[in-house]
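Peer 1: take this sequence and fold it.
(one chain, ligands or ions: 1)
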Amino acid sequence: MTTTALIIVIAAAVVLLGGGAALVLTRSRRQLPPAPQTRQIDRADEAGEPTLISPDPEVPAEPGPAVDEPSAVGTLERPEAPQGRLVRLRARLAKSQGSLGRGLLSVLGRSTLDDAAWEEIEDTLLAADMGVTATDELVSNLRTTLRVEGITDPDQAKAALRAELVRLVDPTLDRTLTSTGTDGKPGVVLVVGVNGTGKTTTVGRLARVLVADDKTVVLGAADTFRAAAADQLQTWGERVGVPTVRGPEGGDPASVGFESVQRGIADGVDVVLVDTAGRLHTKSGLMDELGKVKRVIEKQAPVTEVLLVIDATTGQNGLTQARVFGEVVDVTGIVLTKLDGTAKGGIVIAVQRELGVPVKYVGLGEGADDLAPFDADEFVDALLS
Ligand SMILES: Nc1nc2c(ncn2[C@@H]2O[C@H](COP(=O)(O)OP(=O)(O)OP(=O)(O)O)[C@@H](O)[C@H]2O)c(=O)[nH]1
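Peer 2: As a prediction, the model looks like this:
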């Protein structure tokens, strides 16, 4: 064989072997599982808006949610049973200066109640954010009761005050969280409110309440405005073994809502809790955003509860927020946070009157299980202890 012929044979062998190897590589690549999808792909355009390819412009085309699965099972916390937590409020309020109960009781304890004393009671109730109508109602009813029944004993006066307060807080309202879905689908709880009121914390704590009641839960981090909010929520979920569905920062909250409920249905969980962003930029902006989140979620399953979170320490501001949110979404329940250490317990009554819906939970402190189901009698007892 000539040298030229030898070179040609070697070159042919190299080409053949190379081709074979490429074929093997291609085959083995084809056998690999598809790369895991993350929400970030094809979801957000440069403006942070979702790229929707679905025939329904509001529904994400091919949802590929980023679900943050909870970490190691061994480290899971067992949340405290929610029943009886409200008792803690008594001790928390006792630490605060100028509490509503103490202010009222000190006046009622006097031997005579003249006009100045009643004015003091009125001022105390107003300062506690009870609102003018409820305050007038309470003072007028209490004055009548004490006069008609001839009550002068401070303990009896306290009992009459307690009865009036309980009546105003209204023990007949249904305060159960509507978290049972229909047609085998999960209940969907949408949590709304201005940022900083304790909304994300409330969603995390509600997950714990539900887990303590042996419910299975998925969290939806639809507050895409602040990246840390999703991280915060995910951490809450991880502590009790609950997955969190999240989207890109600045992405479409409605997509996250949709995908979290979709995930909840796929997993057959009992409840999906959706945290939302509540920038109160403009009422129409808020209306558009929350309206869309709810509408898009309801393509999957009905929203069973809309909880409005209000910071009890913000007084009139909180009431204004309640009014605005009440006009934008059908609020079905209120969560009053930061009730610990505030003398503004009267807001429970004012906000219920403002929205015509019950306070269902209250925040009692910074602890993981400091969210208590609300109860009128227990609340008034805590105020007056
Ligand atoms: N003392 C007290 N602090 C609370 C209570 N609820 C929430 N907080 C605190 O309030 C702060 C704000 O809570 P977040 O849950 O981050 O508020 P947010 O409304 O979700 O705010 P964004 O995440 O920005 O939307 C946190 O430091 C919470 O620990 C409560 O009932 N009592």
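
Peer 1: so who does the nearest residue to residue 345 once chain neighbours are set aside touch?
Peer 2: Among residues not flanking residue 345 along the chain, residue 100 sits closest, at 4.9 Å (C-beta to C-beta, 6 or more residues apart in numbering). Where C-beta positions appear, they are placed from N, C-alpha and C, glycine not excepted. Contact analysis of residue 100 by C-beta atoms under 8 Å, 6 or more residues apart in numbering lists 124-125, 128, 343-346, 383.

Peer 1: point out the least confident one among these.
Peer 2: Within the contacts of residue 100, pLDDT reaches its minimum at residue 343, with 79.

Peer 1: that one: neighbour count?
Peer 2: 21 (other C-beta atoms under 10 Å).

Peer 1: mind listing what's buried along the strand or helix carrying residue 237?
Peer 2: Applying DSSP states H and E as the criterion places residue 237 in helix 227-239. For helix 227-239, the neighbour count (16 or more other C-beta atoms under 10 Å) marks 229-230, 232-234, 236-239 as buried.

Peer 1: quick one: average confidence on it?
Peer 2: In the prediction, helix 227-239 has an average pLDDT of 93.

Peer 1: what's the answer for stretch 254-271, then?
Peer 2: Mean predicted lDDT for stretch 254-271 stands at 97.

Peer 1: kindly export that stretch (C-alpha atoms) in PDB.
Peer 2: The C-alpha trace of stretch 254-271 is given here as PDB (Å, rounded to 0.1, in the frame of the first residue of the first chain):
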ATOM      1  CA  ALA A 254     -52.000  36.500  38.800                       C
ATOM      2  CA  SER A 255     -49.800  33.800  37.200                       C
ATOM      3  CA  VAL A 256     -48.400  32.800  40.600                       C
ATOM      4  CA  GLY A 257     -51.900  32.700  42.000                       C
ATOM      5  CA  PHE A 258     -53.100  30.500  39.100                       C
ATOM      6  CA  GLU A 259     -50.100  28.200  39.400                       C
ATOM      7  CA  SER A 260     -50.300  27.700  43.100                       C
ATOM      8  CA  VAL A 261     -54.000  26.700  42.900                       C
ATOM      9  CA  GLN A 262     -53.100  24.400  40.000                       C
ATOM     10  CA  ARG A 263     -50.400  22.800  42.100                       C
ATOM     11  CA  GLY A 264     -52.900  22.600  45.000                       C
ATOM     12  CA  ILE A 265     -55.400  20.700  42.800                       C
ATOM     13  CA  ALA A 266     -52.700  18.400  41.400                       C
ATOM     14  CA  ASP A 267     -51.500  17.600  44.800                       C
ATOM     15  CA  GLY A 268     -55.000  17.200  46.200                       C
ATOM     16  CA  VAL A 269     -54.300  19.500  49.200                       C
ATOM     17  CA  ASP A 270     -57.000  20.900  51.400                       C
ATOM     18  CA  VAL A 271     -56.100  24.600  51.200                       C
END
